[in-house]
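Chemist: this one's structure only:
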């Protein structure tokens, strides 16, 4: 498989410089869960005073650690620290009672070592579905992890949570508010099985802002709708999607959900990570933004946008650099949302391709063909019906996607 | 493209022997619409007394000929014959007012030549979306077509309606009722953009049964739900899906919708054609039956079955002959319908793979791997919740699908 997994052509040049978040420390190790020599277990220790908010996959077959996190995220616990433990290489999904035992054992063992109640220990697993997680391997490395946690090791963590990912994903900002120096840093993994029905695969974001848990939960629930829930690689929703946002409060700067700067900063980090997941979509060679305007309402705009973004025929046309806009028409037609053939218009970037129910008289196929050679494409549709708008992001569908996924377990 | 399009490994050995249907005659010709030398226009002439029922795509961007057919199919016209004219190579979809003119001109010209009112002339177009149909080319060959129609030329018609299809699709039966010798013969085309929201691509079925139009319409509406609406190649719904069923009445044997033998015979032809479309799915190397039982109701069973059948990760695993049943679990989880992880079971054919929320203790990976080498696979899921059942059919997702569709117009 390694021969296939060259770094995505859409990868950023470098892993970004990450602001350390006071009160958050990371450690990673190779525990032998993921094939190969890479590190595969990550510990994140959060100091007392940290609030943790989270969103999880809506899959009906979600994994044992997701169910465990969901049970805990709403609890009101005396706040004396928290920890997150993550393994790559095994999703601990559809592993029945044995999967629950694995989560319980890992969490209990870590709870003792970091002196934090089990209700404040969150865990994630990502990898193959249906195989038992050898949790003893994880318990065996806990002492090492607890001893080696460090504020600066976030990039190591971004690498250790990877599975079919070809590059580590990080995003970090410092808010420019004069009165404040709130920092936000996050990491993510995700490459295939990406059509989040919540937050994509595994995402961990940290900030030193001081904020109530309910306020933080409210903000990320809103922002998720316009970030992680607006990306798709292959229309397949993972059993493991997890987004955890931890606020340590160590900046001493109090924010709430009405604080636009904090909200915008968090949005920027979430969107950046979401885009990086798309850029690492399995086999991706093009980054595609689909923008639909003029729909009856926002919900219908998103239905159309996702219908285009999930269409294998649209995505293979992009892979082939073919300005086959007829397939966009097809995807609009099948979305289930309202459309009027004679009112819709389609643009490739700024190039008007179709309007009033047919190809535009100004459109030249050569212009479309030239546009399709770009690495980043904007497919713009206006339905001419109302004011509903939505933007979603996806990648193309290439032979490499098939190669990766036909061979995944072999 | 021709280098890619080798005949599907799932193709039947031969085109079947087709019973001629008294009152139905076919002619085909190369009019230069489809690239290459193949025949691309088909005329079907139906004798006076024939009733025609039809179902069409529910796409919001359906093609001009589909809209025209829909307008006509419900009309009560003095029944003095009918005709169907079909071209391959251009879908006449999203061609605006010009597309309507093309349909009007073709229909009017044919109406004069066959002496049948325009309301009884049905047309279909299949191929590229968004390019103007050069209808004069079709009008120019009408005289030739009208002069050369013959009862025996149904196989020629099955070939002339092909686009990316790799084999012609036909199905034919004679009902064994003692009192009767009703015959049913049908042809279909379809290979990509197959996730019918009605009947798939182009399907034409003929019978010499004597039946009221409303009864025939009622039967095909029912049967369509369990045949064409239960197949998917790539989850993309065509702008052109058309099913026309013509009953000439020439057998003199009267049937109605309560006649189980006729119904069952028609169902058999429809299902056979639907399966042939799946077998010619673009790039297909495996035929997959997905059966879901134990759902809360039939509708939820179908949601689960279609979620599995449309999952690119399930389909690539099948292409790679990988018994990756975890992806079936994933697809159930994302379907939107009810499921209880701990009650569901999964079988590959007869092999019990998973039950009670985890891998079955009797399951051996080697058995699963061996099963996946078959060309025809049965993926069976029982949800353990109720009595809802559904069966759908699809094919695997291979590199050839990407190859065909990245290069379609080049």
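Modeler: Nice, I can see it. Every value quoted in this text rests on a predicted model; they were computed, and no experiment measured them.
Chemist: identify the residues contacting whichever helix or strand residue A:294 is part of?
Modeler: Secondary-structure element containing residue A:294, defined by DSSP states H and E: strand A:287-295. Contacts of strand A:287-295 from elsewhere in the structure, counted by CB atoms under 8 Å, 6 or more residues apart in numbering or on different chains, are A:10, A:275, A:278-279, A:301-302, A:304-305, A:308-309, A:315, A:318, A:337-338, A:343-344, A:375-396. Where you see a C-beta, it was placed from the backbone N, CA and C, and this is true even at glycine.
Chemist: chain center to that strand, what's the gap?
Modeler: A distance of 19 Å separates the C-alpha centroid of strand A:287-295 from that of its chain, computed with CA atoms, centre = their mean, to the nearest Å.
Chemist: also stretch A:125-143?
Modeler: Averaged over its C-alpha atoms, stretch A:125-143 has a centre that lies 22 Å from its chain's centre (CA atoms, centre = their mean).
Chemist: close to chain B, is it?
Modeler: Yes: under the criterion of CB under 8 Å from any CB of the partner chain, chain B is reached by stretch A:125-143 at A:128-131.
Chemist: now that stretch: average pLDDT?
Modeler: For stretch A:125-143, the mean pLDDT works out to 93.
Chemist: tell me which element the nearest residue in space to residue A:207 that is not next to it in sequence falls in.
Modeler: Once its chain neighbours are removed from consideration, residue A:207 has its nearest residue in residue A:184; the separation is 4.4 Å (CB to CB, 6 or more residues apart in numbering or on different chains). If you go by DSSP H and E, residue A:184 is part of strand A:183-189.
Chemist: same check, this time on residue A:401
Modeler: helix A:399-406.
Chemist: that helix packs against which elements?
Modeler: Packing contacts for helix A:399-406, counted by 3 or more CB pairs under 8 Å, 6 or more residues apart in numbering or on different chains; DSSP states H and E, involve helix B:312-319, helix B:399-406.
Chemist: pick the most deeply packed of these.
Modeler: The highest average neighbour count among these, using mean count of other CB atoms under 10 Å in any protein chain shown, belongs to helix B:312-319 at a mean of 27.
Chemist: any idea how far the helix-or-strand element of chain A with minimal mean pLDDT is from the chain center?
Modeler: Within chain A, confidence by mean pLDDT, DSSP states H and E is lowest for strand A:231-232 among all helices and strands, at a mean of 75. Counting by CA atoms, centre = their mean, strand A:231-232 is centred 9 Å from the centre of its parent chain.
Chemist: again, but for stretch A:123-143
Modeler: Between the mean C-alpha point of stretch A:123-143 and the mean C-alpha point of its chain there is a distance of 21 Å (CA atoms, centre = their mean).
Chemist: repeat that for stretch A:342-355.
Modeler: 30 Å.
Chemist: so is that stretch next to chain B?
Modeler: Yes: under the criterion of CB under 8 Å from any CB, stretch A:342-355 makes contact with chain B via A:342, A:344, A:354.
Chemist: make a ChimeraX selection of the buried ones in these.
Modeler: What follows is the ChimeraX syntax selecting those of these that are buried according to 16 or more other CB atoms under 10 Å in any protein chain shown:
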select /A:344,354
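Chemist: going by distance to residue A:174, which of the residues of stretch A:342-355 next to chain B wins?
Modeler: Relative to residue A:174, the closest of the residues of stretch A:342-355 next to chain B is residue A:344; by CB to CB it sits at 42.7 Å.
Chemist: which one is the closest one nearest to, not counting chain neighbours?
Modeler: residue A:383 (5.2 Å).
Chemist: check residue A:342 too.
Modeler: Nearest residue to residue A:342 in three dimensions, chain neighbours excluded: residue A:357, at 3.8 Å (CB to CB, 6+ apart).
Chemist: what sits against the one you found?
Modeler: When contacts are taken as CB under 8 Å, 6+ apart, residue A:357 is in contact with A:341-344, B:94-97.
Chemist: try 7 Å
Modeler: Contact criterion CB atoms under 7 Å, 6 or more residues apart in numbering or on different chains gives A:341-342, B:94, B:96 as the residues in contact with residue A:357.
Chemist: and stretch A:212-221, which residues are buried?
Modeler: Residues A:213, A:215-217, A:219-220 are the ones in stretch A:212-221 that count as buried (16+ other CB under 10 Å).
Chemist: rewinding a little: is there a quick PyMOL command that grabs whichever of the contacts of strand A:287-295 are buried?
Modeler: If you want just the buried ones from those in PyMOL, going by 16+ other CB under 10 Å, the selection is:
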select buried, chain A and resi 10+275+278+279+301+302+304+305+308+309+315+318+337+338+344+377+378+379+380+381+382+383+384+385+388+389+390+391+392+393+394+395+396
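Chemist: among the contacts of strand A:287-295, which ones are in helices?
Modeler: Judged by DSSP state H, the contacts of strand A:287-295 include A:275, A:278-279, A:301-302, A:304-305, A:308-309, A:315, A:318 as members of helices.
Chemist: show me the shaky parts of the stretch 101-250 of chain A.
Modeler: Judged by pLDDT under 70, the stretch 101-250 of chain A has its weakly predicted residues at A:177-180, A:192-201, A:235, A:237-238.
Chemist: all the helices of it, residue numbers only.
Modeler: Listed in chain order, the helices of the stretch 101-250 of chain A (DSSP state H, counting those that start in this stretch) span residues A:135-140, A:142-148, A:154-160, A:213-226.
Chemist: and residue A:149, how close does it get to residue A:24?
Modeler: Applying CB to CB, to the nearest Å, the value for residue A:149 to residue A:24 is 9 Å.
Chemist: the two: which has the busier surroundings?
Modeler: residue A:24 (25 against 17; other CB atoms under 10 Å in any protein chain shown).
Chemist: for the more buried one, what are its contacts?
Modeler: Residues near residue A:24 by CB under 7 Å, 6+ apart: A:44, A:46, A:151, A:206, A:246, A:248.
Chemist: bridged to residue A:355, which residues?
Modeler: On DSSP bridges, the residues paired with residue A:355 through beta bridges are residue A:358.
Chemist: list the contacts of the residue in the stretch 1-150 of chain A that chain B sits nearest to.
Modeler: Taking CB to the nearest CB as the measure, the point where the stretch 1-150 of chain A comes nearest chain B is residue A:129, at 2.7 Å. Under the criterion of CB under 7 Å, 6+ apart, the contact list for residue A:129 reads A:91, A:93-94, A:239, B:326, B:329-330.
Chemist: just the residues you listed: which has the poorest pLDDT?
Modeler: For the contacts of residue A:129, the least confidently modelled position is residue A:239, at 71, judged by pLDDT.
Chemist: contacting residues around the residue nearest to it when sequence neighbours are not counted?
Modeler: If you skip the residues right next to it in sequence, residue A:239 has residue A:93 as its closest partner in space, 4.0 Å away by CB to CB, 6+ apart. Under the criterion of CB under 7 Å, 6+ apart, the neighbours of residue A:93 are A:61, A:63, A:129, A:239-240.
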